[in-house]
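Q: Take this sequence and fold it.
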Amino acid sequence: MTDQARLRIAAGMGATAVAAGAFGAHLLKDLVTPERLLTWETGARYHLVHAVVLLALALFPARTHRSFELLFAGSCVFAGSLYLLVLLNQPLLGAITPIGGVLLITGWVTLGLSRTKPGPG
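A: Numbers count the residues shown, from 1 in each chain. Reported below is the predicted structural model:
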């Protein structure tokens, strides 16, 4: 994956995170229970935080590619499963969320173990 592709993915994640947050705040608030709205907000928060992290990693040397991939996948699975849980009202989808959490944790650990320093590279 090229540096430009990583940058575009990070930007896309940021844009969709903001859109998801706005959707929850303005359209879902009257359609779902307060508990489900909190679930949506959790997904949007993790989605946005990790979009920022992906942006930072898009600017790092190539040795952070594995971390980028794990954090991207984890964000998609974690937030995506929460979004689907709310939209489809299927609590069973919450069983998928921990898989995303494990991917996120693994991405962070991989980043911590990488031998690189910030900066272009």
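Q: can you give me how far stretch 24-44 is from the chain middle?
A: Mean-position distance between stretch 24-44 and its chain equals 17 Å (CA atoms, centre = their mean, to the nearest Å).
Q: So what touches it?
A: Outside of stretch 24-44, the residues that reach it under the criterion CB atoms under 8 Å, 6 or more residues apart in numbering are 17, 20-21, 78-83, 85-86, 89. Where C-beta positions appear, they are placed from N, C-alpha and C, glycine not excepted.
Q: I'd like these laid out as a markdown table, including secondary structure and pLDDT.
A: As requested, the contacts of stretch 24-44 are arranged in a markdown table below (DSSP: H, G, I helix; E, B strand; the rest coil; pLDDT from 0 to 100):
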| residue | secondary structure | pLDDT |
| --- | --- | --- |
| A17 | helix | 98 |
| A20 | helix | 97 |
| G21 | helix | 96 |
| F78 | helix | 98 |
| A79 | helix | 98 |
| G80 | helix | 97 |
| S81 | helix | 97 |
| L82 | helix | 97 |
| Y83 | helix | 97 |
| L85 | helix | 96 |
| V86 | helix | 96 |
| N89 | coil | 93 |
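Q: among these, which ones are buried?
A: In terms of neighbour count (16 or more other CB atoms under 10 Å), the buried residues within those are 17, 20-21, 78-83, 85-86.
Q: Out of those, which comes closest to L113?
A: Comparing the buried ones among the contacts of stretch 24-44 against L113 with CB to CB picks out F78 as the nearest, at 21.1 Å.
Q: Spatially nearest residue to the closest one, not counting backbone neighbours?
A: Ranked by CB to CB, 6 or more residues apart in numbering and with sequence neighbours excluded, the top spatial neighbour of F78 is G100, at 2.8 Å.
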